[in-house]
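Visitor: Okay, sequence plus prediction incoming.
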Number of protein chains: 2
Amino acid sequence: MGNLSFTIVAKEGRARAGVISVPHGFIETPMFIPVGTQATVKTLTPHDLLAMGAEIILSNTYHLYLRPGEESIARLGGLHGFMQWKGPIITDSGGFQAFSLGFALEHGVGKIANIFPGEDEQTKEQRPPKSKLAVVDEEGVSFVSHIDASRHKLTPEKSITIQEKLGADIILAFDECTSPLSSYEYTKEALARTHRWAVRCINAKKTEQAFFGIVQGGAYKNLREESARFIVNLPCEGYAIGGSLGKSKKEMHQVLEWTIPLLSEEKPRHLLGIGGIDDLFECIERGIDLFDCAGPTRMARSAMLLISPAAGGSPVNKFRIRITNAQFREDTLPIDPFCMCYTCTHFSRAYLRHLFVAKELLAYRLASYHNVHFILTIVKRIRQSIIDGQFAQLKKNWLE
Amino acid sequence: MGNLSFTIVAKEGRARAGVISVPHGFIETPMFIPVGTQATVKTLTPHDLLAMGAEIILSNTYHLYLRPGEESIARLGGLHGFMQWKGPIITDSGGFQAFSLGFALEHGVGKIANIFPGEDEQTKEQRPPKSKLAVVDEEGVSFVSHIDASRHKLTPEKSITIQEKLGADIILAFDECTSPLSSYEYTKEALARTHRWAVRCINAKKTEQAFFGIVQGGAYKNLREESARFIVNLPCEGYAIGGSLGKSKKEMHQVLEWTIPLLSEEKPRHLLGIGGIDDLFECIERGIDLFDCAGPTRMARSAMLLISPAAGGSPVNKFRIRITNAQFREDTLPIDPFCMCYTCTHFSRAYLRHLFVAKELLAYRLASYHNVHFILTIVKRIRQSIIDGQFAQLKKNWLE
């Protein structure tokens, strides 16, 4: 079994506040996990992440397998030594990237069919259907590298071996992530395969890294329930909820409502790849403990900066401003006057706007710093509100 | 007169160690001035700059006049308030940018004809002669904006007004920077104009900002001497040595040897736009107190990282490594094992190489941090060596 313990310290409804302990440290849950795809959370140093209260980061097996290679990283001290993040790390299995290269390309969709983290109408690219670069069979996923078009195959066994070499505290099952547009029949077939792959992952695993099984099943109630019942019986230290989450946020909430009551209360639950402000409230309320999402850093690089309700943020504007708008040209306020991050305690919206307009690299860093700090902070406030029995009120203050 | 005092604390030959005092703080000389062209030293925060020992930064009148505009910056608290650098600032006059858009484009040259800070054979672009975008007349320089092709004219009076609005501690005379390929006749004519402009700058100036006159004259001995004799008689708080510095470093050294003995010993001397490792030693030896150069940050963004002699740096390799080279793929050493910067005390060459190869934004920041820290540190070591009477020995250790 893997090296992870989890203690729940408070509950309000299904929402829980807890503490995860893994070899590299503690994670107070609920917690947001910044995404460091290529062994770097874009623009931020480990020191920045620590200073803003990050307790765990996520890195990507697919990307690191292709470059610089898991053998190199192992020789360079594992992911912890390589990137010099001393705290807990979780690696994904590469399954989601196979999806990105496969159905996501073919269908022109994201995890929730038309919602791409960090995008809005202005930045959303046209996504015409494209040829798949990944093909699934019983053995695993064959794909073409996005870097040099070389051919590769990831299997459950190979994914586990790579993740063992990367050396994260928590590793994920190798799964097939179907598309929101996949048929019931295909999703059912893929789910059965994902379950067989989960068993193969567990059989392949040689280390004491904690292992999270992944619940799949698309937006189909009986498949999600079947998956939850299957995964809960595997020897896992926690659960991830992955894959396609339907065609709307409402469908995503339903997936959680079908799934979470069937999972063991004593283990942490990670909702993969989701991290909008409203999602944090809605999904924590339904029992989620961990989130990861590249949205906050991706948004930051597109000049979309998060603001709290006190600064005018609301579900209508998705809690964000576009800092390049002309209205901020001489705005002496910080991005969010109530935010205590390095960016907001030092720089005006006018200066941030100038940096973005001039395409200065400092823009991306200051914006990423703010957005990640902002998400971490709101999740910490949610955690405290659960302990204080004030979560429902806090949610109302933000979302209504 | 302007608000600046300068005290020399030690000398070794012509090399001096001193302290400049201006309203926003002290500058220990010799000092390297990081360049923050658009009110940001690329990739670095004011906090980064402070932490690495920067004491003054340089910003550009031309760029800030065009974007966001000096009136905006004045309303936003001047450059200090706008960019939140609390220490001393110097602004250039816009004259050099007029050169970049004029002769530098037409002749395909830099300040020293074929040496561009931060470039080497591999990165040097072809520079075929191009049409000038700037035209000089007695009144000033007319130019076309590189941003939106709008037409503008900078005059000595306008440059001073802009620099007053930007509010730096030290401002520079508006000069004409000729090309290393300009004829004697043209250089002489331009020099006379530059001198008339210097007087117009002084007459226009209304603030107590310190004012540095600029010695011009290309690589012509009698013109440089004439210029030094003219500028030394103007009411200036310091001198800058600008313009074309010949066709080789040897010619640049001659320009300093002709010029510096004619300048007043009691005022600081700034060599504009130069900052190679060898230049620092050679020019401090000849009596220079201040340097500014975009080379260290530009090199950093091109993966060229500075190393000391103890780490293999020498005049032959220009004290640098190209971190993207295959030899660094699994190199666990820091960039320079003797460097105490944040980058070198945390990250391996292998990790830096990975970030560059993956085009991760963190690469540019960590590399810029190292290179600027490196230059600041060697100049501080030079300063201490002058105080200790060991400068000649230190120079020998580095350059021989």
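Guide: Thanks, I have it. All of these numbers come straight from a predicted model, not from anything done at the bench. Numbers count the residues shown, from 1 in each chain, chains lettered A, B, ... in the order given.
Visitor: contacts, neighbours, all on C-alpha from now
Guide: Will do.
Visitor: Pull the number of nearby residues for the residue of the stretch 301-400 of chain A found nearest chain B.
Guide: In the stretch 301-400 of chain A, the residue that lies nearest chain B is residue A:362 (4.5 Å; Cα to the nearest Cα). Residue A:362: 21 surrounding residues under other Cα atoms under 10 Å in any protein chain shown.
Visitor: Could you do the one 3 residues further on as well?
Guide: Counted with other Cα under 10 Å, residues neighbouring residue A:365 total 25.
Visitor: Going by secondary structure, residue A:9 is in what exactly?
Guide: strand A:5-12 (DSSP states H and E).
Visitor: For the next helix or strand after that strand, buried residues please.
Guide: Next along the chain after strand A:5-12, taking DSSP H and E as the criterion, comes strand A:15-22. Neighbour-count burial for strand A:15-22, counted by 16 or more other Cα atoms under 10 Å in any protein chain shown, picks out A:15-22.
Visitor: ditto for stretch A:167-183
Guide: So stretch A:167-183, judged by 16+ other Cα under 10 Å, has buried residues A:167-182.
Visitor: The helix or strand hosting residue A:163 and chain B, are they touching?
Guide: Using DSSP H and E, the element containing residue A:163 is helix A:156-166. No: judged by Cα under 8 Å from any Cα of the partner chain, helix A:156-166 stays clear of chain B, getting no closer than 14.0 Å.
Visitor: on contacts alone, who are the packing partners of that helix?
Guide: helix A:61-66, helix A:70-75, helix A:78-83, helix A:184-204 (3 or more Cα pairs under 8 Å, 6 or more residues apart in numbering or on different chains; DSSP states H and E).
Visitor: Pull up the pairing partners for the next helix or strand after that helix, direction included.
Guide: Once the chain leaves helix A:156-166, the next helix or strand it forms, by DSSP H and E, is strand A:170-172. Paired with strand A:170-172 in the same sheet, following DSSP bridges, are strand A:89-91 (parallel), strand A:210-215 (parallel).
Visitor: Please pull up the helix or strand immediately following the first one.
Guide: Pointing back at strand A:89-91 there. According to DSSP H and E, the helix or strand after strand A:89-91 is helix A:95-101.
Visitor: Give the other helices and strands that that following helix contacts.
Guide: Using 3+ Cα pairs under 8 Å, 6+ apart as the test, helix A:95-101 ends up in contact with strand A:134-136, strand A:141-144.
Visitor: Toward the C-terminus, what is the element adjacent to the last one?
Guide: Next helix or strand after strand A:141-144 toward the C-terminus (DSSP H and E): strand A:151-154.
Visitor: list the buried ones in that following strand?
Guide: A:153-154.
Visitor: Just the CA trace of the strand holding residue A:9, in PDB.
Guide: C-alpha atoms of strand A:5-12 as PDB (Å, rounded to 0.1, in the frame of the first residue of the first chain):
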ATOM      1  CA  SER A   5      -2.800   9.200   5.500                       C
ATOM      2  CA  PHE A   6      -5.900  11.400   5.600                       C
ATOM      3  CA  THR A   7      -7.700  12.900   8.500                       C
ATOM      4  CA  ILE A   8     -11.000  14.800   8.300                       C
ATOM      5  CA  VAL A   9     -11.000  17.700  10.800                       C
ATOM      6  CA  ALA A  10     -14.400  19.200  10.100                       C
ATOM      7  CA  LYS A  11     -17.500  18.700   7.900                       C
ATOM      8  CA  GLU A  12     -20.400  20.900   6.800                       C
END
